[in-house]
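# okay, sequence plus prediction incoming.
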Amino acid sequence: VCVCVCVRVCVQWDLQGISAALQHVMEYGAPPPDFDDVSMLRRPLRSKLCRESGGVCIARFDHFCIWINRPIGAGNHLLFLFFVGLQVLSISLFLCVAISVLRTYDSDMPFWISVLYPPRSG
């Protein structure tokens with residue numbers, strides 16, 4: 001019984017959205033800007049159809065990231081920021097290690113030998 005009630009409410013909501021869009025077309029000659037012609041649903045604010053991911057509607061679309069091959073939007077924005085933070089942390093760690101290796105470089109011998117056999121302290 002609950003499933004039938006939910007389905008009826010959803011269908012009525014979609015029909016109300018379609019009728020509102022048709023009324024907007026009759027008045028202004030174009031569908032409202034938040035109405036999707038393909039899915040016949042109202043789109044959320046700041047949503048966009050992403051061409052790179054096959055025309056999927058992304059809520060609060062930010063950009064399409066070529067590094068993870070995904071659109072960045074409402075569903076994965078925090079994960080993307082976490083990913084960027086990890087990248088900054090790993091690059092900083094790499095630079096710290098590279099600087100410490102270069103500081104131990106002895107100019108009397110070739111670089112690769114000084115890296116393989118660092119000078120002994122003490």
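Perfect, I can see it now. Numbering: from 1, shown residues only.
# for the rest of this, base every contact and every neighbour count on C-alpha atoms.
Will do.
# tally of neighbours for P44?
13 (other Cα atoms under 10 Å).
# with S90 instead?
By other Cα under 10 Å, 12 other residues sit near S90.
# so it belongs to a helix, correct?
Yes: counting by DSSP: H, G, I helix; E, B strand; the rest coil, one finds S90 located in a helix.
# so what pLDDT did C6 get?
If you check C6, the pLDDT there is 33.
# which SSE is W112 in?
In the assignment (DSSP states H and E), W112 maps to helix 111-116.
# mind checking the pLDDT average for that helix?
Mean per-residue pLDDT for helix 111-116: 70.
# same question, stretch 100-108
For stretch 100-108, the mean pLDDT works out to 72.
# go on, stretch 85-97?
In this model, stretch 85-97 has a mean pLDDT of 95.
# now do stretch 72-82
For stretch 72-82, mean pLDDT is 90.
# now A30, nearest residue through space, not along the chain?
Nearest residue to A30, sequence neighbours excluded (Cα to Cα, 6 or more residues apart in numbering): H24, at 6.9 Å.
# oops, could you answer that again for F80 instead?
Distance criterion Cα to Cα, 6+ apart; nearest residue to F80, sequence neighbours excluded, is I72 at 7.3 Å.
# all strands of this structure, in order?
35-36, 41-42, 48-50, 56-58, 63-65, 70-72 (DSSP state E).
# how many neighbours does the residue nearest to A30 have?
By other Cα under 10 Å, 14 other residues sit near H24.
# quick check: it touching P32?
Yes: counting by Cα atoms under 8 Å, P32 is a contact partner of H24 at 6.3 Å.
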